[in-house]
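> structure, please.
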Amino acid sequence: MNFLTGFAVFFIIWWVTLFAVLPMGVRTQAEESDIAPGTTESAPHTLNMTRKLLLTTAISAAIFAVYYVATVSFGFSVDSLPRVVPDFSSR
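Sure thing, here's the model as predicted:
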């Protein structure tokens with residue numbers, strides 16, 4: 001696996017993980033009873049983006065490490081998955 005492919009896979013894993021991490025621990029302004037003028041009550045009270053970005057990076061690194069070991073060390077690929085659909089190309 002070259003660097004560009006590894007970076008692309010890591011970025012996709014990181015991006016998907018970010019959307020899973022973003023709603024964790026969010027308290028809305030309505031839940032905190034502190035609604036700022038001009039905002040909706042469902043807006044987050046505190047953002048904590050630095051913590052979420054670091055958590056996303058740590059989780060993504062762990063997932064990518066498993067992916068890297070499975071593909072590079074053990075040689076697994078998409079072709080290693082069992083075929084669910086019958087192969088009709090021999091006809």
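
> what is the subsequent helix or strand relative to the worst-scoring helix or strand of the chain on mean pLDDT?
Ranking every helix and strand in the chain by mean pLDDT, DSSP states H and E puts helix 29-32 at the bottom, with a mean of 88. Note on helix 29-32: by DSSP states H and E, the next helix or strand toward the C-terminus is helix 49-68.

> got the contact list for that next one?
Applying C-beta atoms under 8 Å, 6 or more residues apart in numbering, the contact partners of helix 49-68 are 1, 6, 9-10, 13-14, 17-18, 21-22, 24. C-betas here are computed from N, CA, C, even on glycine.

> could you redo the last one with a cut-off of 10 Å?
Residues from elsewhere that reach helix 49-68, judged by C-beta atoms under 10 Å, 6 or more residues apart in numbering: 1, 6-7, 9-26, 48, 76.

> so which of those residues are in helices?
Mapping the contacts of helix 49-68 onto helices (DSSP state H) picks out 6-7, 9-21.

> buried ones among the contacts of helix 49-68?
Listed as buried from the contacts of helix 49-68 are 9-10, 13-14, 17-18, 21; burial here means 16 or more other C-beta atoms under 10 Å.

> ok, so of the residues you listed, who is nearest residue 82?
Using C-beta to C-beta, residue 9 is the member of the buried ones among the contacts of helix 49-68 that lies nearest residue 82, at 22.3 Å.

> distance check, that closest one against residue 18.
Between residue 9 and residue 18 the computed distance is 15 Å (C-beta to C-beta, to the nearest Å).

> now residue 66
According to C-beta to C-beta, residue 66 stands 18 Å off from residue 18.

> now swap in residue 31 and tell me
Counting by C-beta to C-beta, the separation of residue 31 from residue 18 is 23 Å.

> next one: residue 36
To residue 18, residue 36 is 25 Å away according to C-beta to C-beta.

> again, but for residue 39
23 Å.

> what residue ranges in this structure score low on pLDDT?
Along the chain, segments meeting pLDDT under 70 span 91.

> please repeat the previous calculation with a cut-off of 80.
Regions of the chain meeting the criterion pLDDT under 80 cover residues 78-91.
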